[in-house]
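Undergrad: could you work out the structure for the sequence below:
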Amino acid sequence: MNHSRIPKSRTALAVAGTLALATASLTLQNAQAAPAPAPAGLTAAQAGDLARHIGAQLPADVAGSYYDAATKRLVVGVTDRAAADRVRAAGAEARFVPNSAADLDAARRTLDDRAAVPGTAWSVDPRANKVVVTVDSTVKGAALAKVEKAVADLGNKATLKRTGGELRPLIAGGDAIWGSGVRCSLGFNVSKGGKPYFLTAGHCGNASSTWSGSQGGSRIGTVEKSSFPGNDYALVRYTATTDHPSSVDLYDGGSQSISKAGEATVGEKVRRSGSTTQVHDGEVTGLNVTVNYQEGQVRGLIGTTVCAEPGDSGGALFDGDTALGLTSGGSGNCSSGGETFFQPVPAALKAVQAQLP
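TA: This next block holds a predicted model:
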């Protein structure tokens, strides 16, 4: 079965659903809109809205939050009773924790200064109320000792985790778009100024300025903007001006329509579609993740338990009809498991001034 969403009679490339880039629309979740309080029965999207509302109202008094899918509640970390009362009044569950948001932010800054070596990553785990520092198999000797010392000096504010794989951008193969000697995945079709574009990973955009829908095929798009490292997104302008559907390939003969872009929530169940490994599920484990690839540091990523492999780069991370992220990189594989990081779609859309079709 041909899972590519490229029309045979046209040079236009439709969304070849691959790993994680969701291209956001104008219906982004509004962090300033106060959602209706509800102590339980929240969807992940509602919990995300509530988390952003509480964070805006109590920026210094909450220490992260996560969605408890079993109880359908938003759980918010607090350090004092007054904040707990306000969190409960807003419709979330308050949980007392030892480290404040300021404590954890300071820990992240310390790691930026003292532990930013290739093969490491860190993000705040709101469940553990700590910064989790991941070290891959390439970090050894003096570099490993440097990271271990930085983590140890942070005491109960940080913890070290080893991963057997290598943290790397997942470029190299995909159902989808072919560049100059590389293969990646298309994330989501978007529009800009009334013209058709698509989003993919920035490290893909850096690797090739033009893209085809098949190996050796005719050009379907040209990179207009690419950002990597720092961020990991690229905007590619279609050669043809025909319409392109906003959907993700599910690799079972069907597709998932995408109507909007949104922010991910820790604890949210998500799916990703990639041309190398097709569709896999997982959970969001962290936001605003810092990853130190060999090519440089990337910040603001979504951390997940979803697996991915080379070639899935640029593909779509989504929850129902909501686009969440573009596949950036990670470690492990879909046989033994791993973790994958995604460039948030709303941030990419804002940076390139595009929207979903």
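
Undergrad: in terms of pLDDT, where does the residue lying closest to N333 once chain neighbours are set aside sit?
TA: With C-beta to C-beta, 6 or more residues apart in numbering as the measure, E309 is the residue that lies nearest to N333, at 5.2 Å, once sequence neighbours are left out. Quick note: C-beta positions are derived from backbone N, CA and C, even for glycine. Reading off the confidence values, E309 has pLDDT 90.

Undergrad: can you give me the distance of E309 to L356?
TA: Here the criterion is C-beta to C-beta, to the nearest Å. By it, E309 lies 27 Å from L356.

Undergrad: ditto for T276
TA: Counting by C-beta to C-beta, the gap from T276 to L356 is 25 Å.

Undergrad: kindly report the same for T277.
TA: As defined by C-beta to C-beta, T277 lies at a distance of 25 Å from L356.

Undergrad: just confirm the residue nearest to N333 contacts T277, I think it does.
TA: Yes - under the criterion of C-beta atoms under 8 Å, E309 makes contact with T277 at 5.1 Å.

Undergrad: got any residues that touch both of those two?
TA: C334 (C-beta atoms under 8 Å, 6 or more residues apart in numbering).

Undergrad: so is the closest residue in space to T265 that isn't next to it in sequence in a helix, a strand, or just coil?
TA: In space, T265 comes closest to G48 once its chain neighbours are excluded; the distance is 3.7 Å by C-beta to C-beta, 6+ apart. Here G48 is helix, with the state taken from DSSP: H, G, I helix; E, B strand; the rest coil.

Undergrad: which ones are touching G48?
TA: By C-beta under 8 Å, 6+ apart, the contact set of G48 is 29, 67, 262-265, 268.

Undergrad: for it, give its distance to S336.
TA: Counting by C-beta to C-beta, the separation of G48 from S336 is 30 Å.

Undergrad: cool, W211 as well?
TA: Separation of W211 from S336 (C-beta to C-beta): 31 Å.

Undergrad: can you pull the buried residues of stretch 145-162?
TA: Using 16 or more other C-beta atoms under 10 Å as the test for burial, stretch 145-162 gives 146-147, 150-151, 154, 157-158, 160.

Undergrad: actually stretch 257-272, sorry about that
TA: By neighbour count with 16+ other C-beta under 10 Å, stretch 257-272 contains the buried residues 258, 260-268, 270-272.

Undergrad: over to stretch 244-255?
TA: With burial defined by 16+ other C-beta under 10 Å, the residues of stretch 244-255 counted as buried are 244, 246-249, 251, 255.

Undergrad: cool, stretch 222-236 as well?
TA: 223-229, 231-236.

Undergrad: stretch 114-126 too?
TA: When neighbours are counted by 16+ other C-beta under 10 Å, the buried residues of stretch 114-126 are found to be 115-126.

Undergrad: likewise stretch 81-99?
TA: Using 16+ other C-beta under 10 Å as the burial criterion, the residues of stretch 81-99 that qualify are 83-84, 86-87, 90-95, 97, 99.

Undergrad: now, which of these sits nearest T71?
TA: Using C-beta to C-beta, E93 is the member of the buried residues of stretch 81-99 that lies nearest T71, at 8.0 Å.

Undergrad: for that closest one, which residues are in contact?
TA: 39, 68, 73-76, 87.

Undergrad: flag the shaky bits of this structure, pLDDT-wise.
TA: Applying pLDDT under 70 to the chain flags residues 1-40, 170-175, 357.

Undergrad: give me the neighbour count for the residue lying closest to A201 once chain neighbours are set aside.
TA: Nearest in space to A201, with sequence neighbours left out and distances taken as C-beta to C-beta, 6+ apart, is G314 at 3.9 Å. Burial of G314, expressed as a neighbour count using other C-beta atoms under 10 Å, amounts to 39.
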